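Asks: sharing a model prediction with you, sequence too.
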Amino acid sequence: MSRAFVNEDAAGGPPPRYDLPERDAPWYDEAAAWALLEGANRGDSTSAEHATGYRWAEPALIPHVQAILADAERDGEDRVAQLARRFLRQARGPSS
């Protein structure tokens, strides 16, 4: 696992909360994609994976992460764009 996603210095406090809609909401997957990127940014992908029910680089979330990437690049949000590109690279596997 990339060290970018490991928070070895965590204080051991409560896990982060992710404000997600109900699982059957039509926008759940988009919110889950954002939560996974947020977890990666915090260095705590595991909590985001548990909260969303998706693993990092889940292929089903590719369209949502592509949209997040496009918005981040347009808006100059470099860190979000970096994480989205990493997600997409890993979701597509070694051949891409």
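Replies: Received it, and whenever you're ready, just let me know what you need. Numbering: from 1, shown residues only.

Asks: can you list contacts of stretch 60-69?
Replies: 29-30, 32-34, 36-37, 54, 80-81, 84-85, 87-88, 91-92 (CB atoms under 8 Å, 6 or more residues apart in numbering). Using the backbone N, CA and C atoms, a C-beta is placed for each residue, glycine as well.

Asks: ok, 6 Å please
Replies: 29-30, 33, 81, 84, 87-88, 91 (CB atoms under 6 Å, 6 or more residues apart in numbering).

Asks: list the buried residues in that stretch.
Replies: For stretch 60-69, burial by neighbour count (16 or more other CB atoms under 10 Å) applies to 61, 64-65, 68-69.

Asks: which of the helices or strands spans E49?
Replies: E49 is part of helix 45-52, with elements assigned from DSSP states H and E.

Asks: flag every buried residue along that helix.
Replies: 45-49, 51-52.

Asks: between those, which sits nearest R74?
Replies: Closest approach between the buried residues of helix 45-52 and R74, by CB to CB: A48, at 24.0 Å.

Asks: distance check, the closest one against A91.
Replies: 15 Å (CB to CB, to the nearest Å).

Asks: weed out the non-buried ones from the contacts of stretch 60-69.
Replies: 29-30, 33, 81, 84, 87-88, 91.

Asks: reformat those residues as JSON lines; add distance to D75.
Replies: Formatted as JSON lines, those follow (distance: CB to CB, whole Å):
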{"residue": "D29", "distance to D75": "21"}
{"residue": "E30", "distance to D75": "17"}
{"residue": "A33", "distance to D75": "16"}
{"residue": "A81", "distance to D75": "9"}
{"residue": "A84", "distance to D75": "12"}
{"residue": "F87", "distance to D75": "18"}
{"residue": "L88", "distance to D75": "18"}
{"residue": "A91", "distance to D75": "22"}
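
Asks: is it possible to export those to a markdown table including secondary structure and distance to L20?
Replies: Compiled in a markdown table, those are given as follows (DSSP: H, G, I helix; E, B strand; the rest coil; distance: CB to CB, whole Å):
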| residue | secondary structure | distance to L20 |
| --- | --- | --- |
| D29 | helix | 10 |
| E30 | helix | 10 |
| A33 | helix | 11 |
| A81 | helix | 22 |
| A84 | helix | 18 |
| F87 | helix | 17 |
| L88 | helix | 21 |
| A91 | helix | 20 |
